[in-house]
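Peer 1: Build me a model:
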Amino acid sequence: MTPLPSRLPILFVDDEAPVRRAFERTMRQRGFTVTTAASGPEALRAVQLQQYPVVVTDLRMPGLDGVALIERIVSIYPDTSFVVVTGVPEVDLRRDHGTHHGITAIVPKPWNDDELASIVERAYDLQRQRAESAALDADVYRVLLVESEAVPPSPLAACLREALDGRLRLTTAGSVRDAIAKLHDAEVDIILADLSLPDAGGLDCVRALHPASQDAAIIMLSDAPDEALSLEAIRVGAQEFIAKADLSARNLRQLIRFAVERKKAEQRLAHRANYDQLTGLANRSTLRRKLVQSLARATRSNEKLAVMFLDLDHFKSINDAYGHEAGDKLLREVSDRLLAAVREYDTVTRLAGDEFAILVEGLESAEIPEALARRIVASLSRPIKLDEAELCVTSSIGIASFPGAGETADELLKAADFAMYLAKERGRNTFVRVQEPHDAQVKKTLSLAAQLRVATQTDQFCLYYQPQVALPSLEVVGLEALLRWRRDDGVLVSPAEFIPVLEASGLILEAGAWVLHQACRKLRELRDDGQRTLRMAVNLSAKQFEAQGLVQTVENALQTYDIPGACLELEITESLLMRDTDRTNATLAELKRLGVRIAIDDFGTGYSSLAYLDRFDVDVLKIDQSFIRAISRDNQRESVAGAIVGLGHQLGLEVVAEGIESEVQMHYMIAQGCNMAQGFLFGHPEEHWSAPERSSAILPIPTCLSLAG
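Peer 2: Residues are numbered from 1 along each chain as shown. Below is the predicted model:
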């Protein structure tokens, strides 16, 4: 055995920490430089950063097992030597994989340190021999020649031999069927095929050969030059195209070199196109392709499958607090835990950002996806260490089952996505399953989401405006903009019905930006008409408040319509205020920089947070109308309304009473010192609201309204 240099790099992969420590200690003592990985995906990330001549891996690991890992590494570095360590008795991987994948030895656990070191050294020696042989054969091309007249002496074969000057390993075939059979038995660098074959002529030849050998470059030969045909051949899988009249040894030599290089470039691009570079997981396009294939198979075999969408809760907060590097580390750890949680034949993908998806096939029981979701929730709840910090991550999971939730890939993906948003609406850290076609509510909700997508593009939304009045003067001091949906048939859809669907589907971001601009446009019209002291109140959803770009959207609306910031009031709910206090304060500070007012809507429904109000830079409290309705009927809740007014004044805040419908309610809130009021008593929401004429009368209501300023 040739002496080996010291400090040889080696990658060891095992999901058990004590085994990794034992291997590292043993190999370092013998002069190796050891890198360890706890999972297949972690090993792939290490390989992308550095080539390891020898990889030692466990066989059975959750997610990406040893065999699958070896296949992935071989696709990147074909000359790698592998040693498998396993506790599985009587395993013989070499019989099925060793020749092709470079497995030089299988070592049982527990191993003998000296024997293992000797085996690793032998693996290094074999790897170096293969590398040297590859260097000597670098210009040797393995060519499969496919032509109907492939009987020696073929003129094309003679041209190949002249072009490659002794560096040719030639295999011949007389038909596409013969060629495909030979591709199963031999490795080929180049396929040189005639377009005039007996069993597959023209482009059908390319279409048949391309999937049969994904690693070989294909050069097509035609009887005559045809630019359109050549472009089409390359589109369906060929790398080069040449007319027989243009063949010469020189041209063919150059063509082969170009075809091989183009194939390598295409393979690199294909890997990037199909796998996520951060986690090593399959990506969205791979998921969709596999889902289409799985659905076809499930339909034929009457099988069941499911698609799961998973979104990490509050991931942006982690990114903002710890930085993108820590966020990337968290995503890699999450991907490893997902792979460990699923079955070996399930497909885990990273869609984008902090969104993942899982294709669950071969469902023997309808409960398998739910059991998997529970396992994932439990796995992610274990602390994840990021440098010096330990974080617990929660997730929202949506599950769509086939048959039931959809019949096509697009239908299932949309259903799983929507179910995930429903899980978020139900408080996060949970899962929602869409399963049965007769689930009327789910079907109606999905249909409504599709209609809303159309509505956002066809001007079906409009704004209604409800006045806010000062107490006790009853002067109109502001308006609240309320989103309404008028379908093409003229029917108004209840906000209680469509607003939650806007939220769950993510369309609220687009609709919310439209509301901001339309409200500012209306305020601009009123100011031009002389109503320069009016304020406009606009509700912000949780998704809007937490989304990137909110401050820019608000600033753009103010600048577009030349509205002073103090004339715009943004309403957020009390529950949103308390969701992530640090992040909330940071967003509030950016909004206050624009001069806008901040109101807490529906205040009192979570009044356990009263003591925390002074931590937030807000201007207005809007008492939830449930307390207003209780006036004169429920003394306890009535007293809460009065207490909120007193608390607000102590904190220097203005207080608005929502939902006033009677004079009794109005006079009670005036007695409590409430600053403003809103409700049907003063006016119903109107699409074409205009300022009332001035009047000094207070009653009767609502005709008494006067205009501030």
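Peer 1: close enough to count as contact, Leu534 and Leu523?
Peer 2: Yes - with contacts counted by Cβ atoms under 8 Å, Leu534 reaches Leu523, the gap being 6.7 Å. (Glycine included, C-beta is placed from N, CA and C.)
Peer 1: ok, the two, which is more surrounded?
Peer 2: Ranked by neighbour count (other Cβ atoms under 10 Å), Leu534 and Leu523 place Leu523 first, with 27 against 21.
Peer 1: contact partners of stretch 478-497?
Peer 2: Here stretch 478-497 makes contact (Cβ atoms under 8 Å, 6 or more residues apart in numbering) with 448, 451-452, 455, 458, 460-468, 498-499, 511, 515, 518-519, 522-523, 534-539, 569, 571, 676, 678, 685, 687, 689.
Peer 1: what comes up buried for the strand ranked longest in the chain?
Peer 2: Counting residues, the longest strand found in the chain (DSSP state E) is strand 475-486. For strand 475-486, burial by neighbour count (16 or more other Cβ atoms under 10 Å) applies to 475-485.
Peer 1: and which of those residues is nearest Gly174?
Peer 2: Nearest to Gly174 among those: Trp485, at 67.0 Å, using Cβ to Cβ.
Peer 1: got the phi/psi numbers for the nearest residue to the closest one once chain neighbours are set aside?
Peer 2: Among residues not flanking Trp485 along the chain, Val493 sits closest, at 4.5 Å (Cβ to Cβ, 6 or more residues apart in numbering). Geometry field for Val493 lists phi and psi as phi -90, psi 140, criterion degrees, to the nearest 10.
Peer 1: same deal with Ile106?
Peer 2: Here is the backbone geometry of Ile106 (degrees, to the nearest 10): phi -120, psi 120.
Peer 1: Give the burial count for it, as a bare number.
Peer 2: For Ile106, the neighbour count with other Cβ under 10 Å is 18.
Peer 1: again with the one 10 residues further on
Peer 2: A count of nearby residues for Leu116, using other Cβ under 10 Å, gives 20.
Peer 1: Doesn't it belong to a helix?
Peer 2: Yes - under DSSP: H, G, I helix; E, B strand; the rest coil, Leu116 sits within a helix.
Peer 1: what about Leu412, helix or strand, and which?
Peer 2: helix 409-425 (DSSP states H and E).
Peer 1: Average pLDDT for that helix, rounded please.
Peer 2: The average pLDDT within helix 409-425 is 82.
Peer 1: Which strands or helices does that helix pack on?
Peer 2: For helix 409-425, the packing partners by 3 or more Cβ pairs under 8 Å, 6 or more residues apart in numbering; DSSP states H and E come out as helix 284-301, strand 305-312, strand 395-402, strand 431-434, helix 440-457, helix 495-505.
Peer 1: most neighbours per residue, which of those?
Peer 2: strand 395-402 (a mean of 26; mean count of other Cβ atoms under 10 Å).
Peer 1: Now do the buried residues in the longest helix seen in the chain.
Peer 2: Using DSSP state H to define each element, the chain has its longest helix at helix 249-274. For helix 249-274, burial by neighbour count (16+ other Cβ under 10 Å) applies to 252-253, 255-256, 259-260, 263.
Peer 1: how close does Ser575 sit to Gly427?
Peer 2: 10 Å (Cβ to Cβ, to the nearest Å).
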